[in-house]
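Enquirer: Pasting a predicted model and its sequence here:
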Amino acid sequence: MINSKNPYWENFKSFFFKSYKISSVGSSSLKDTTIGFFKGSQLISYFVYFFCVFGLIFFLLIAYGPLQYFLPKSTYFEKSELIELILTVDSLESELALKSEYVFVIKKLLSGELIDSFMVIQNDSSILFQNIDLQTSKEDSLLRELVQAEDLYNIPLSYASTNPGLEDFVFFKPVDGIVTSDFDVSEGHFGVDVVTNTNSPVKAALDGVVIFSDWSISSGHTVIIQHAENIISVYMHSSSITKKNNDLVKAGEVIGVVGNSGESSSGPHLHFELWQNGSPVNPIDYIDF
């Protein structure tokens, strides 16, 4: 609560509620002539009213009047003007291109050439098509089956890699075991022999397509998988294989079972090879068995 003994507050109340008279005194007769009366509250009300009217006029002059061109503009207005300029330039470019077409056609006509049409046909993408039969026909089904069968011989686009180097690939370990025979090109051993338990699963090292899945006299049950970037992985001496030609496989997917098949096998193990661009690669450099 405001202290009533405060002299400033007492003076303000006195001014606010007190009545004042405006009068004039004659210079010769010294007669006092009353012009009008007012209270302090009325004077304050007039001042507030004048301030509001003056603020409104000043706002209108800044927002819509000539003063707006002398004041710095905000980022919002600058962006709005930039967008309007871009739209204007775009419409002008469209009109210029259309007029250029007209001029080109007129030149062709003046030279005696035959013109089919003066107008550039624009397709309306908002047209709604009705009564369209979306059911597949017999011919469409046959075409789909043919394309799907032919596509099995190719690596899908999702298998394509942007990393041409083998060091950029993450290879899945085909089996868990011990390497007993290392990679040696001079002796014609283009892979590694990994000894492991019989009937252990053999898994694909990368995503790919099976390009060979059959029996070989020397290698036994063999699976060859084509991967992205012309990489090929070879899996030999399995007791059985679970994939056939043209099957798509994922990295880590089981493709066979460790065995001792083939004349060149001397016990249960997996002979694993890696090739790229027709050259053998040492698998130990990229896979930790």
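Expert: Cool, got the structure.
Enquirer: Lys243 touches Val210, doesn't it?
Expert: Yes. Look at Lys243 against Val210 with C-beta atoms under 8 Å: they come within range, at 4.9 Å. Just so you know, the C-beta spots here come from the backbone N, C-alpha and C atoms, and that holds for glycine as well.
Enquirer: Between the two, which contacts overlap?
Expert: Common contact partners of Lys243 and Val210 (C-beta atoms under 8 Å, 6 or more residues apart in numbering): Val223, Val249, Ile255.
Enquirer: Compare those and tell me which is most surrounded.
Expert: Val223 (25 neighbours; other C-beta atoms under 10 Å).
Enquirer: The helix ranked longest in the chain - what's its average pLDDT?
Expert: Ranked by residue count under DSSP state H, the longest helix found in the chain is helix 75-110. Average pLDDT, helix 75-110: 81.
Enquirer: any idea where the strands of the stretch 51-200 of the chain begin and end?
Expert: 178-181, 191-195 (DSSP state E, counting those that start in this stretch).
Enquirer: Make a markdown table out of the ones you listed and add mean neighbour count and distance to Lys108.
Expert: Output for those, formatted as a markdown table (neighbours: other C-beta atoms under 10 Å; distance: least, C-beta to C-beta, whole Å):
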| stretch | mean neighbour count | distance to Lys108 |
| --- | --- | --- |
| strand 178-181 | 13 | 77 |
| strand 191-195 | 21 | 70 |
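Enquirer: now those strands as CSV including mean pLDDT and distance to Ser233?
Expert: Listed next are the strands of the stretch 51-200 of the chain as CSV, based on pLDDT from 0 to 100; distance: least, C-beta to C-beta, whole Å:
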stretch, mean pLDDT, distance to Ser233
strand 178-181, 93, 16
strand 191-195, 95, 9
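Enquirer: nearest to Phe59, of those strands?
Expert: strand 191-195 (84.3 Å; C-beta to C-beta).
Enquirer: Check the offset of the closest one from the chain's centre.
Expert: 44 Å (C-alpha atoms, centre = their mean, to the nearest Å).
Enquirer: quick one: strands adjacent to it?
Expert: strand 178-181 (antiparallel), strand 269-276 (antiparallel) (DSSP bridges).
Enquirer: Quick one, which of the ones you listed gets closest to Ile57.
Expert: strand 269-276 (81.6 Å).
Enquirer: Pull the distance from that closest one to the chain's centre.
Expert: 39 Å.
Enquirer: Residues in contact with it: which ones?
Expert: With C-beta under 8 Å, 6+ apart, strand 269-276 has contacts from 166, 174-175, 177, 180, 190-196, 202, 205, 219, 229-238, 258, 260, 265, 280-283, 286.
Enquirer: Only the buried members of the residues you listed: can you turn that into a PyMOL selection?
Expert: Burial among the contacts of strand 269-276 is assessed by 16 or more other C-beta atoms under 10 Å; the matching PyMOL selection reads:
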select buried, resi 174+175+177+190+191+192+193+194+196+202+205+219+229+231+232+233+234+235+236+237+238+258+265+280+281+282+283
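Enquirer: now Ser279: how far from Asn230?
Expert: 10 Å (C-beta to C-beta, to the nearest Å).
Enquirer: actually Ser219, not the one I typed
Expert: Distance, Ser219 to Asn230, using C-beta to C-beta: 22 Å.
Enquirer: Ala149 now?
Expert: 23 Å.
Enquirer: Lys31 too?
Expert: From Lys31 to Asn230 the distance is 120 Å (C-beta to C-beta).
Enquirer: after the longest strand seen in the chain, next one along is what?
Expert: In the chain, taking DSSP state E as the definition, the longest strand is strand 231-241. Once the chain leaves strand 231-241, the next helix or strand it forms, by DSSP states H and E, is strand 248-249.
Enquirer: Low-confidence bits of the chain, can you list those?
Expert: 1-5, 15, 26-27, 29-30, 36-38, 40, 66-78, 114-134, 150-164 (pLDDT under 70).
Enquirer: please redo it, this time with the cut-off set to 50
Expert: For the chain, residues meeting the criterion pLDDT under 50 lie at 1-2, 158-163.
Enquirer: Break down it into its helices, ranges please.
Expert: Under DSSP H, the chain gives helices at 7-17, 40-63, 75-110, 138-151.
Enquirer: Looking at those, which is nearest to Ser23?
Expert: Nearest of the helices of the chain (C-beta to C-beta): helix 40-63, 16.6 Å.
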